[in-house]
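> predicted model and sequence below, questions to follow.
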Amino acid sequence: MSFLSPSRCARRRDLCEPPLIVMEAGKTDPALEIQRLREELAACHQAMAEQQRQMTVLEFATQALTYSLDPGHVVQTATGLAATLASPPGTSARRGVYYEISGDTMRLIADSDDSGVSAVGTWMPIEEHPLIPTALAAGHAVGGPLDVEKAGPRARQIITKFALKFGAYAPVRIKGTVHGVLVVSSRDKPIPVELVERLSGLGALTALALTNALRHKEAEANAVTDALTGLVNRRGFEQAVDNITTRHPFALLAIDVDNLKAINDGYGHAAGDALLVAIAQTLASGARKGDTLARIGGDEFVLLMPDASGDTPIAVAGRMKAAVAALNLVTGPAGISVGWASAAAGADPYLVLQRADALLYAAKASVEDPRNPLSATA
């Protein structure tokens, strides 16, 4: 990928060629002309050094952006590179930002500013921004002054808070859809056209890296997700068990769907699948935030409850049984059997699950109502 055309390089070389000094006797001071020439050469060398620095940043970006397969880390790296691309080290005049686009709104999900000030989490309607709608309509990077008079209330607040004067905006597309906008904002000087073009190149690199990271994330999610119910599968459950803290008590609920075989035989497997999906959704609505609900077999579910003690597991089991019993399905009443066991911090979760399973099967074989959670307590 080339970020500087040969014709532009030629123009840069022309700028750095020493001008001819034509002196007329008695009208030009040679010392002043030499000083002027030295200043022009110094400015040219400085411009070339800055150009080389920016190209080095872009070369580094091709490695840095593909190093991580975490989308959040990719975006944060991109904003840091944008700020570095726009500003020499040690300056805080410019700021890198990434806005994630969703419908007609955008949310700031990453920023990089040497001043240390952040606005992550800020959102605003796209139309409130004075330049981003132009970049999205154009389909490529644009830059220009930030006119607060053309900004909406939220955009005006950001522009004023960070004392921003100029900006450049590069849309980042994934699978043909705009995922976000990579931004460089300046507090002092206008952003030159060459820098806008290089930001566009950085945006393209960001799009490639994000595409890879999101594909990886999707593949990981598919590996731990039950295709029918959308719940965590056995592999995902095992990962959750491995990550459980050893500092708090926990509980496990073993859950089994009643009469699934009879429904499959009488109504067909499509009806049985519909029953499993309905029960999965009902169980998920009864789980606490932070719990892991998994489908680990045909009609078997398990709920991992971190930091659970006392009557919490039996209360959750009771709510889930009542909610499933209230389902109105064409196949008739639905029901689940539950066995639960709790343990102190540091206990082996798989041994605890064995206890819950034993109580589950005892409950199913009991002459008591299998919908009674008290018949399946540890």
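Received the coordinates, thanks.
> per-residue pLDDT, Ala64?
pLDDT, Ala64: 75.
> how far out from the middle of the chain is the helix or strand it falls within?
Using DSSP states H and E, Ala64 sits within helix 30-67. Computed by C-alpha atoms, centre = their mean, to the nearest Å, the chain-centroid distance of helix 30-67 equals 35 Å.
> next helix or strand past it?
Using DSSP H and E, the helix or strand that follows helix 30-67 towards the C-terminus is helix 71-86.
> how about that next one: buried residues?
71, 74-86 (16 or more other C-beta atoms under 10 Å). All C-beta atoms are positioned from the backbone trio N, CA, C, and that covers glycine.
> closest to Ala209 among the residues you listed?
Closest approach to Ala209 among the buried residues of helix 71-86 (C-beta to C-beta): Val74, at 4.8 Å.
> contacts only, for the closest one.
Neighbour list for Val74: 65, 68, 206, 209-210, 213 [criterion: C-beta atoms under 8 Å, 6 or more residues apart in numbering].
> out of those, the closest to Ser115 would be?
Nearest to Ser115 among these, counting by C-beta to C-beta, is Thr206 at 22.8 Å.
> what sits against the closest one?
So Thr206 contacts 65, 74-75, 78, 172, 182 (C-beta under 8 Å, 6+ apart).
> ditto for Ala168
By C-beta under 8 Å, 6+ apart, the contact set of Ala168 is 86, 141-143, 183-185, 191, 195-196, 199.
> make it 6 Å
Applying C-beta atoms under 6 Å, 6 or more residues apart in numbering to Ala168 gives the contacts 143, 184, 191, 196, 199.
> make a markdown table from the contacts of Thr206 and add distance to Ala287 to it.
As requested, these are arranged in a markdown table below (distance: C-beta to C-beta, whole Å):
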| residue | distance to Ala287 |
| --- | --- |
| Leu65 | 37 |
| Val74 | 31 |
| Val75 | 30 |
| Ala78 | 36 |
| Val172 | 36 |
| Leu182 | 38 |
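> by contact count, what packs against the helix holding Ala64?
helix 71-86, helix 193-223 (3 or more C-beta pairs under 6 Å, 6 or more residues apart in numbering; DSSP states H and E).
> helix, strand or coil for the spatially closest residue to Ala119 that is not a sequence neighbour?
Spatial nearest neighbour of Ala119, excluding adjacent residues (C-beta to C-beta, 6 or more residues apart in numbering): Leu108 at 5.5 Å. Secondary structure, DSSP: H, G, I helix; E, B strand; the rest coil: Leu108 is strand.
> you'd agree Leu108 is up against Ser118?
No. With contact defined as C-beta atoms under 6 Å, Leu108 does not count as touching Ser118 (8.7 Å).
> so between those two, which is more surrounded?
Between Leu108 and Ser118, counted using other C-beta atoms under 10 Å, the more crowded position is Leu108 (20 against 14).
> so who does the more buried one touch?
Here Leu108 is in contact with 99, 119-120, 122 (criterion: C-beta under 6 Å, 6+ apart).
> can you pull out the strands in the chain?
For the chain, the strands defined by DSSP state E cover 94-102, 105-113, 123-125, 142-145, 166-174, 177-186, 250-257, 292-295, 300-306, 336-343.
> how about CSV for those strands, with distance to Cys44 added?
Putting the strands of the chain into CSV (distance: least, C-beta to C-beta, whole Å) gives the following:
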stretch, distance to Cys44
strand 94-102, 23
strand 105-113, 30
strand 123-125, 42
strand 142-145, 23
strand 166-174, 24
strand 177-186, 23
strand 250-257, 68
strand 292-295, 63
strand 300-306, 64
strand 336-343, 73
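> now render those as a markdown table, adding distance to Ala322 and mean pLDDT.
Putting the strands of the chain into a markdown table (distance: least, C-beta to C-beta, whole Å; pLDDT from 0 to 100) gives the following:
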| stretch | distance to Ala322 | mean pLDDT |
| --- | --- | --- |
| strand 94-102 | 37 | 94 |
| strand 105-113 | 39 | 95 |
| strand 123-125 | 39 | 96 |
| strand 142-145 | 58 | 96 |
| strand 166-174 | 44 | 96 |
| strand 177-186 | 43 | 95 |
| strand 250-257 | 14 | 94 |
| strand 292-295 | 17 | 97 |
| strand 300-306 | 15 | 95 |
| strand 336-343 | 10 | 92 |
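> report how many residues lie close to Thr134.
13.
> measure it to Ala207 for me?
Here the criterion is C-beta to C-beta, to the nearest Å. By it, Thr134 lies 19 Å from Ala207.
> could you do Ala334 as well?
46 Å.
> also Leu253?
Leu253 sits 44 Å away from Ala207, going by C-beta to C-beta.
> these two: who's more crowded?
Leu253 (31 against 23).
> skipping its backbone neighbours, what lies nearest that one in space?
Leu303 (4.1 Å).
> go on, Asp258?
Among residues not flanking Asp258 along the chain, Gly335 sits closest, at 4.0 Å (C-beta to C-beta, 6+ apart).
> mind checking pLDDT for the one you found?
pLDDT for Gly335: 92.
> could you list the domains of this protein?
Listed by automatic domain parsing, the domain ranges of the chain are 6-221, 234-376.
> turn those domains into TSV, including distance to Leu228.
Below are the domains of the chain laid out as TSV (distance: least, C-beta to C-beta, whole Å):
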stretch	distance to Leu228
domain 6-221	15
domain 234-376	6
